[in-house]
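In: I'll drop the sequence and a predicted model, then ask my questions.
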Protein chains: 2
Amino acid sequence: MQMTPAKTKLLNAALRIVRTNGYEATSVDELCRDAGVTKGAFFHHFKSKEDLAVAAAGYWNEVTGKLFAAAPYHDYEDPLDQLIAYIDFRATLLDGRSIPEATCLLGTMVQETYESNPAIRAACFGGITSHAETIADIIRAAKARHAPKATWSAESLALHTQAVIQGGFILAKAKDDLALARDSILHLRRYVELLFHHAKED
Amino acid sequence: MQMTPAKTKLLNAALRIVRTNGYEATSVDELCRDAGVTKGAFFHHFKSKEDLAVAAAGYWNEVTGKLFAAAPYHDYEDPLDQLIAYIDFRATLLDGRSIPEATCLLGTMVQETYESNPAIRAACFGGITSHAETIADIIRAAKARHAPKATWSAESLALHTQAVIQGGFILAKAKDDLALARDSILHLRRYVELLFHHAKED
């Protein structure tokens, strides 16, 4: 589907502003101002702010999906190397970015809307799990090759990678320093290495 | 300091409502209604909603501080057992609770206010790190006894425990199921076991 420029501008504005100030604090007026579009254009494309938020979750997955699809971690032959390189890639995504630029639209939105807004919650869940599923595929292959008897599941470990990244973002926001997110990603890397190292011992 | 009932009621209302709907979506009117106090009483105790949020972060640490101080994980002699029991305790805190009851005021507030509200951000950071420091003390003792040559720091691992818990909450909110938070806490437990197991091998 070809998106009109106004729609794309509004979606990009949502990515920027919601990651900076949260969903509730973001107004339609501010989105229009930031996007440089009229309120008429907003309501031509979206029924409501909620409707934009749901679309923004899908757009976020489209944008980040392309980023991950083109990332170098796919280039390794061994899926365990791919997994470690994915974790390293997540750390490099923090480099040279501000906290709003480095953090996740979905985790930010769902934190405050999970109870009040089922449509946004579902869109965030869909986005997080669809990315996690691409990591679960890698983990599944790594497990089959290196840790076939391990009792943990690829799906669970994949979701855990996302939990660590999301939680690292929260600590980074609290300290106003992305170093805390980087530290947690390093712990995650060490966990994955130990998990597979341990499996080889058995 | 003896708190007046109205103040306590407002702080408890903040804990309930902000964990349910987030900071920005919570209004002074709703807080007063939930607490059963007048708006005059609100502004007698707090200058603004922001002022209440900062006080609520302190109150949260007081309430949860008592809970952690009385928790059974302190009863183990070996600090590594204490650490594992702490992680297990965090999992038991999910049992029989709804998501708003089980999740963290500080992580919820800081997620949306970190950029717009430095006072709330600082209060959340203070709360998260003061709790993490109690866990760092346990990890420091466990490291001295069981992993003196390990290259990771007790402070960093303690903050990572909080990142995993916070990130697990986000996934739980996204799925509307605390099982995802429980799963990540289990991964954290396994990580800590592997870290110390690995250190003993060296």
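Out: Received, thanks.
In: can you give me the angle the helix or strand where residue A:169 lies makes with helix B:154-175?
Out: Residue A:169 is part of helix A:154-175 when elements are defined by DSSP states H and E. Relative orientation of helix A:154-175 versus helix B:154-175 (axes from the mean of the first three to the mean of the last three Cα atoms, to 10 degrees): 110 degrees.
In: Could you pull up the residues touching residue A:109?
Out: Neighbouring residues of residue A:109 by Cβ atoms under 8 Å, 6 or more residues apart in numbering or on different chains: A:18, A:22, A:23, A:53, A:57, A:120, A:124. C-beta here means a position set from N, CA and C on the backbone, and glycine is covered the same way.
In: any residues touching the lowest-mean-pLDDT helix or strand in chain A, and which ones?
Out: The weakest-scoring helix or strand in chain A, judged by mean pLDDT, DSSP states H and E, is helix A:179-201 (a mean of 94). Applying Cβ under 8 Å, 6+ apart, the contact partners of helix A:179-201 are A:80, A:83-84, A:87-88, A:90-91, A:94, A:102, A:142, A:146-147, A:149-150, A:152, A:157, A:160-161, A:164-165, A:167-169, A:171-172, A:174, B:152, B:156-157, B:159-160, B:163-164, B:187, B:190-191, B:194-195, B:197-198.
In: Output that helix as CSV - backbone C-alpha positions only.
Out: The C-alpha trace of helix A:179-201 is given here as CSV (Å, rounded to 0.1, in the frame of the first residue of the first chain):
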residue,chain,number,x,y,z
ALA,A,179,24.7,2.6,29.7
LEU,A,180,22.3,0.8,32.0
ALA,A,181,20.5,-0.7,28.9
ARG,A,182,23.9,-1.7,27.5
ASP,A,183,24.9,-3.4,30.8
SER,A,184,21.7,-5.5,30.8
ILE,A,185,22.3,-6.5,27.2
LEU,A,186,25.8,-7.7,28.2
HIS,A,187,24.3,-9.8,31.0
LEU,A,188,21.9,-11.2,28.5
ARG,A,189,24.8,-12.1,26.2
ARG,A,190,26.6,-13.8,29.1
TYR,A,191,23.4,-15.7,30.0
VAL,A,192,23.1,-17.1,26.4
GLU,A,193,26.7,-18.1,26.3
LEU,A,194,26.5,-19.8,29.7
LEU,A,195,23.2,-21.6,28.7
PHE,A,196,24.8,-23.1,25.6
HIS,A,197,28.2,-23.7,27.3
HIS,A,198,26.4,-25.5,30.1
ALA,A,199,24.4,-27.6,27.6
LYS,A,200,27.6,-28.7,25.9
GLU,A,201,28.9,-30.0,29.2
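In: what about the helix or strand in which residue A:40 is found, average pLDDT?
Out: Using DSSP H and E, residue A:40 falls within helix A:39-45. When pLDDT is averaged over helix A:39-45, the result is 97.
In: what helices or strands is the following helix or strand past it leaning on?
Out: Where DSSP H and E defines the elements, the next helix or strand beyond helix A:39-45 is helix A:49-69. Other helices and strands packing on helix A:49-69, by 3 or more Cβ pairs under 8 Å, 6 or more residues apart in numbering or on different chains; DSSP states H and E, are helix A:5-21, helix A:28-35, helix A:105-113, helix A:118-146.
In: Okay then, goodbye and thanks.
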